[in-house]
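[1] this is the structure alone, sequence omitted:
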């Protein structure tokens, strides 16, 4: 059954996924004389860079997510549908979704990436991941529950309940480890005076020779120094090989006992059925040309984390990194090319402009790499905050996040450590 | 197994439930030379009077709940345990909980009240209630999901998906109906231009001859006028007799088609096993004397909604109303009596001081009854806001709630209409 959306003389652009890339396209395309249909399994955009603060009870979920419909009020050529996309039929130009079929004139796949457990079912079953706001809340609940439970356990079982291991030393892992270390130092002993926090370990396990492997060596070593000073056990050149919910096995043969493993060690593209198998390349990503059109398809585009552009750019021989900036710039370029297309002008191939990368480790501690300079410490931390505040959707959200940060900075002591588990009806 | 809490020379006061009454006792008792153990199934206090704003996406849950541990930081004689209490053994003076047994010197039962479906299993299964923050979020999700779903349904099925029925015309029902009517007027048509909002009905169904039945007749008729003007179908002298998830039957023989029934039509005390059956009185409440001690027990007290004090007060021939104020005043009196007890002074029987009751219907519309005066409209609405803001725990929470209210007042347009369903691991 066809999804009931008015069909008129406008071309219909269907966008699957409202992350950074998909939302950028929707917001811009809607200004043209085309019909824009956005499909997402959630009714809100998620600001992924701050998931770790939701997971560590520093922000409410609602501060960093934003309902799509709120963004497109009064836009008559915009339609949102909350649904799962099951497959694509590019011969007949429609997508099959959980609520019916939808025909398109042009289709943009912006499905992003999800956790990659590299085929290890045990880890997938027992580890916690952080690729959605739901998962971030699960981590928050899990960590707090372990502290509550530890109180009722015999002494020998307490340490494994309050120890937290993080697999993956990229920005997500580093930011999580740093924030957890601050909770351990400033907050938890005040709230759980009955527990011995010397028994709480925070482990950051990274396979590569250094954390923040995608950044400069100096940034990596700065971040590692920060983390060590904050009490995080940083293990590099180490991989997690197995996890049964209590025993975490490492490739160096050692075993760590922990009830909480957070998995930030790999992602893979959210590939969709109906895309030719030849286009599926490394990391489950979809091979696209310089206009983000999928190789071997017509009128079907992929952008952002799920796309892999065979780039001529010598700086990115393996394609672009899976970052918000790439998705946003691709979305922007796509829109401009569509505008050129309508005006009969020539389209311009995508070129990534690296605006810099950054990660924060803790209060007054961040690493920032801009194209022409790198800096660390307090100023980097301020820059990190300004950049992230600017990117959050909604004036009220920006303000509430800012308020929380200021509050937390001076009091060390937010009141968000609540365990909410909507059970559903 | 005994729960592991340090046993010393201090008397142990165990409080079951951290609602208004239990928390009041805990906060005060902790200043005395006694050990205070608070047990609650959640790790946070819930501010029930504003649940309806969470359910209608006007506030985040975290703004009106507050973690207990945050409240008792650095208090060495305070212990919190997150657990369910299963039963009481008053002969051996211990409570049986989901995490073990706990012995007490004095036990305070402050378990509050829960939904009363009066034995109708169909209603219990299909209706949504609002007695916890979890349930409030479920209502929010339910209502928003129905709008999303309605878009994909054939025309004849749309009305029942966007129609909302509320059983119970007390303050909860009135406040919910009013807020939903405002959403229908100001927000929803902007976000769902594809739906016809003439098909959306908001019904408020009350068995008594008037809404706000516990208040003055003038207040009732004011509230009813407000609601009718806002487009709510107010039905009095009408009872819900059945509901199968779609068809709602009324005792006047008519049937209303709606996918969402919110149940605010009755509560019953959260009675506990081990309390003598003779003490269980009307509404599943526990009969207590003027010192809140349970009739037929020693060193076991009940306070707040779960207690029923056989009062000599002619104003309350059937006992006190189940209101936050009663619970707080009983908690306060209990603390003072314990202090007197330690000092060898005589204890004072509880006497309820009615500070007034109020309900808000919509922006600029509220009814307030103080002991010596009643007033309505804008000023009542301001008073309602000030009183509620004052009662919310935590400076940051007060500020965020205030900010949300101001924002909403001027923009009509918060960004909290997100459907989050933590699925759990």
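    That came in fine, so what should we check first? This structure is a prediction, so every number in the text was calculated from the model and none was measured. Residues are numbered from 1 along each chain as shown, chains lettered A, B, ... in the order given.
[2] can we go C-alpha only for contacts and neighbour counts from here?
    Will do.
[3] give me every residue in the stretch 251-400 of chain A lying close to chain B.
    A:394, A:400 (CA under 8 Å from any CA of the partner chain).
[4] run the chain-centre distance for stretch A:287-304.
    A distance of 22 Å separates the centroid of the chain from that of stretch A:287-304, by CA atoms, centre = their mean, to the nearest Å.
[5] over to stretch A:88-96?
    The answer for stretch A:88-96 is 28 Å, by CA atoms, centre = their mean.
[6] strands of the stretch 101-250 of chain A, start to end?
    Here the stretch 101-250 of chain A has its strands, by DSSP state E, counting those that start in this stretch, at A:106-109, A:113-115, A:128-129, A:164-167, A:202-205, A:233-235, A:240-243, A:247-250.
[7] for residue A:325, grab phi and psi.
    Note on residue A:325: backbone dihedrals following degrees, to the nearest 10 are phi -60, psi -40.
[8] just confirm residue A:388 is within a strand.
    No - using DSSP: H, G, I helix; E, B strand; the rest coil, the secondary structure at residue A:388 is helix, not a strand.
[9] how about the backbone phi and psi for the residue nearest in space to the middle of chain A?
    When CA atoms, centre = their mean is applied to chain A, the residue found nearest the centroid is residue A:48 (4.0 Å). Note on residue A:48: its backbone torsions stand at phi -60, psi -40 [degrees, to the nearest 10].
[10] rewinding a little: in a markdown table: the strands of the stretch 101-250 of chain A, plus mean pLDDT, mean neighbour count and distance to chain B.
    Output for the strands of the stretch 101-250 of chain A, formatted as a markdown table (pLDDT from 0 to 100; neighbours: other CA atoms under 10 Å in any protein chain shown; distance: least, CA to the nearest CA, whole Å):
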| stretch | mean pLDDT | mean neighbour count | distance to chain B |
| --- | --- | --- | --- |
| strand A:106-109 | 98 | 23 | 20 |
| strand A:113-115 | 96 | 19 | 15 |
| strand A:128-129 | 96 | 22 | 8 |
| strand A:164-167 | 98 | 24 | 16 |
| strand A:202-205 | 98 | 25 | 21 |
| strand A:233-235 | 98 | 19 | 26 |
| strand A:240-243 | 97 | 20 | 15 |
| strand A:247-250 | 98 | 18 | 18 |
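[11] before we move on, back to that, surely the residue nearest to the centre of chain A meets residue A:132?
    Yes - between residue A:48 and residue A:132 there is a contact under CA atoms under 8 Å: 7.3 Å.
[12] before we move on, the earlier item: distance check, the residue nearest to the centre of chain A against chain B.
    15 Å (CA to the nearest CA, to the nearest Å).
[13] please apply the same query to residue A:360.
    The value you get for residue A:360 to chain B, if CA to the nearest CA is used, is 25 Å.
[14] what residues does stretch A:197-216 touch?
    Stretch A:197-216 has contacts (CA atoms under 8 Å, 6 or more residues apart in numbering or on different chains) with A:158-159, A:162-171, A:173-174, A:177, A:180-181, A:184, A:189, A:219-221, A:223-224, A:231-240, A:265, A:357, A:369.
[15] which residues touch residue A:142?
    Neighbours of residue A:142 in contact, by CA under 8 Å, 6+ apart: residue A:260.
[16] the one 5 residues further on now?
    Residue A:147 makes contact with A:161, A:162, A:192, according to CA under 8 Å, 6+ apart.
[17] list just the nearest of these to chain B.
    Nearest to chain B among these: residue A:192, at 7.9 Å, using CA to the nearest CA.
[18] ramachandran angles for that closest one?
    Taking degrees, to the nearest 10 as the convention, residue A:192 sits at phi -130, psi 60.
[19] what's the burial count for it?
    18 (other CA atoms under 10 Å in any protein chain shown).
[20] and the contacts of stretch A:197-216, which are buried?
    Buried subset of these (neighbour count, 16 or more other CA atoms under 10 Å in any protein chain shown): A:158-159, A:162-171, A:173-174, A:177, A:180-181, A:184, A:189, A:219-220, A:223-224, A:231-236, A:238-240, A:265, A:357, A:369.
[21] which of those fall in helices?
    If you go by DSSP state H, the buried ones among the contacts of stretch A:197-216 have A:158-159, A:162, A:171, A:173-174, A:177, A:180-181, A:189, A:219-220, A:223-224 in helices.
[22] thought residue A:165 was touching residue A:258?
    Yes - counting by CA under 8 Å, residue A:258 is a contact partner of residue A:165 at 6.9 Å.
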